[in-house]
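Novice: could you work out the structure for the sequence below:
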Amino acid sequence: MTNQNVVVRDAKSGIDHFTTRVVLSKSLFSPVAPSPRGRNCITVTRPTFPGKIDNEEGGGGTKVSSWVDSMRDSSPTRVKAACLTESEEKRTWIINYPSALSMFEQIVSTSKGKQIVMFLDYDGTLSPIVEDPDRAFMTNEMREVVRDVSRYFPTAIVTGRCRNKVYSFVRLAGLYYAGSHGMDIKGPSNNPKYKKGRRGVLFQPASEYLPMIDKVYNILLERTRIVPGVRVENNKFCLSVHFRCVEEKMWAVLVEKVTEVLSDYPKLKLSQGRKVLEIRPTIKWDKGKALEFLLESLGYANSSDVLPVYIGDDRTDEDAFKVLRNRGQGLGILVSKVPKETSASYSLQAPTEVREFLQRLVEWKRQARSMV
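Specialist: I've put the predicted structure just below:
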């Protein structure tokens, strides 16, 4: 697959967009067939962001209109196929990012002779996305299968949530937990399974930012009170401003309030996730860095005998997918019902399919052990 980028200005909004023509090539396991109309391209349009967005210069200065335009899309950026019908677009996307369920045999074949290490996002991956983030509970069936997975493979939950909060949801002691987008990492303290790793790993690269984050949290609570439905969540080393329950006509007001606050804090940056604005320290740390840190902690930093598998649904999970692509080692699986831009290799449509994939992985491992 090759990309050809051009910048086009929307005459109505005045916003510059990258228009990417994606020319399809043969995927890893599936042949690419042209669409019924003989066109084998997808046109992907995503807004550029004048000013400061998710960079080291802080969160202020971004045009409100650009933010609102981006907020209308889910995360990662929704693929918009101008030259394909909706059904053609879906088929083309599945060819390039096939279902991890339909490709299960090829995936486990890839793992032959390697140690699988599982990395799992939480919201939208292990639990459904809900209006109230405090009620994003995983099912008992999902908890059981994650427990089974952790018995066979080193397993980590990598999330933007506060580590303590996600632990209260998952309630499994034998896992690694990487909260606040990997800025708060803790491992199982008394689990002999992780012989190669440092037991009870605790890593907090942004500790110096805690007073600032607490201060900004309290300011945001006050400044955003005028926006009905907004929810500001303190995830310890980062903040989440949830706008899932905010009417679209109020999004511009919300962005103005958030960017006004952050203009006084250049050491914090603003980015966007799935129906949420994320505020994080400007340090070079994300879910991809957390993945690398955990592999190193487990003794697999430079090993060719490991197969990291990362499953996630959010724009922030793309940092981990990119790490796996750059390593040329491991599999990224995007959870999405609609075509989206991604650096993952495979797809699943919902947490129910994630559970099915994990269950099949457990059953495969059990059968493999019984044959030894």
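Novice: low-confidence ranges in the stretch 201-350 of the chain?
Specialist: Across the stretch 201-350 of the chain, nothing is flagged by pLDDT under 70.
Novice: what are the ranges of the strands in it?
Specialist: Per DSSP state E, counting those that start in this stretch, the stretch 201-350 of the chain carries strands over the ranges 202-203, 231-234, 239-242, 268-273, 276-281, 306-312, 331-335, 346-348.
Novice: quick one: closest of those to residue 362.
Specialist: The closest of these to residue 362 is strand 306-312. By CB to CB, the value is 13.0 Å. C-beta here means a position set from N, CA and C on the backbone, and glycine is covered the same way.
Novice: in the sheet, which strands lie alongside that closest one, parallel or antiparallel?
Specialist: Strand 306-312 pairs in its sheet with strand 115-120 (parallel), strand 331-335 (parallel), by DSSP bridges.
Novice: what does the last one rub up against?
Specialist: Residues outside strand 331-335 that contact it (CB atoms under 8 Å, 6 or more residues apart in numbering) are 76, 97, 100, 107, 110, 121, 124-125, 307-313, 317, 320-321, 324-325, 340, 342-351, 353-354, 357.
Novice: repeat the analysis, applying 7 Å as the threshold.
Specialist: 97, 100, 107, 124-125, 309-313, 320-321, 324, 340, 342-348, 350, 354 (CB atoms under 7 Å, 6 or more residues apart in numbering).
Novice: what's the answer for stretch 168-181, then?
Specialist: By CB under 7 Å, 6+ apart, the list of residues contacting stretch 168-181 reads 122, 127, 136-138, 143, 146-147, 150, 155-163, 166-167, 185-188, 191, 235-238, 280, 286-287, 290, 294, 316.
Novice: quick check: buried residues in it?
Specialist: Judged by neighbour count using 16 or more other CB atoms under 10 Å, the buried positions of stretch 168-181 are 169, 170, 172, 174, 175, 176, 177, 178, 179, 180, 181.
Novice: in a markdown table, list those along with pLDDT.
Specialist: Putting those into a markdown table (pLDDT from 0 to 100) gives the following:
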| residue | pLDDT |
| --- | --- |
| 169 | 96 |
| 170 | 96 |
| 172 | 95 |
| 174 | 91 |
| 175 | 95 |
| 176 | 96 |
| 177 | 96 |
| 178 | 97 |
| 179 | 96 |
| 180 | 95 |
| 181 | 94 |
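Novice: restricted to helices, list the residues you listed.
Specialist: 169, 170 (DSSP state H).
Novice: report the two of the buried residues of stretch 168-181 separated the most.
Specialist: Longest span within the buried residues of stretch 168-181, CB to CB: 174 and 181, 22.5 Å.
Novice: related to what we said a few turns ago, quick one, which of the contacts of strand 331-335 are buried?
Specialist: Buried among these (16+ other CB under 10 Å): 97, 100, 107, 124-125, 309-313, 320-321, 324, 340, 342-348, 350, 354.
Novice: now do the helices in the chain.
Specialist: Assigned by DSSP H, the chain shows helices spanning 64-71, 86-96, 104-110, 140-152, 163-170, 210-223, 251-262, 287-297, 318-327, 351-370.
Novice: now the angle from the last one to strand 331-335?
Specialist: Between the direction of helix 351-370 and that of strand 331-335, the angle (axes from the mean of the first three to the mean of the last three CA atoms, to 10 degrees) works out to 150 degrees.
Novice: let's have the chain start at 128 instead
Specialist: Done: numbering now begins at 128, and the last item shifts to helix 478-497.
Novice: buried ones in helix 478-497?
Specialist: 478, 480-489, 491-492.
Novice: hmm, who's touching it?
Specialist: 227-228, 231, 235, 252-255, 268-269, 272-273, 275-276, 279, 438, 462, 475.
Novice: buried subset of the residues you listed as a PyMOL selection?
Specialist: Selection of buried members from these for PyMOL, criterion 16+ other CB under 10 Å:
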select buried, resi 227+228+231+235+252+253+254+269+272+273+275+276+279+438+462+475
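Novice: quick one: the strands paired with strand 433-439 as CSV, columns for distance to residue 382 too.
Specialist: Listed next are the strands paired with strand 433-439 as CSV, based on distance: least, CB to CB, whole Å:
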stretch, distance to residue 382
strand 242-247, 31
strand 458-462, 26
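Novice: tell me which of those strands sits most buried.
Specialist: strand 458-462 (a mean of 25; mean count of other CB atoms under 10 Å).
Novice: inside strands: which ones of the buried residues of stretch 295-308?
Specialist: 303, 304, 305, 306 (DSSP state E).
Novice: in CSV, list the residues you listed along with distance to residue 401.
Specialist: Listed next are those as CSV, based on distance: CB to CB, whole Å:
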residue, distance to residue 401
303, 23
304, 20
305, 18
306, 17
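Novice: what is the nearest of the residues you listed to residue 384?
Specialist: Of all those, residue 306 has the smallest distance to residue 384: 25.6 Å, by CB to CB.
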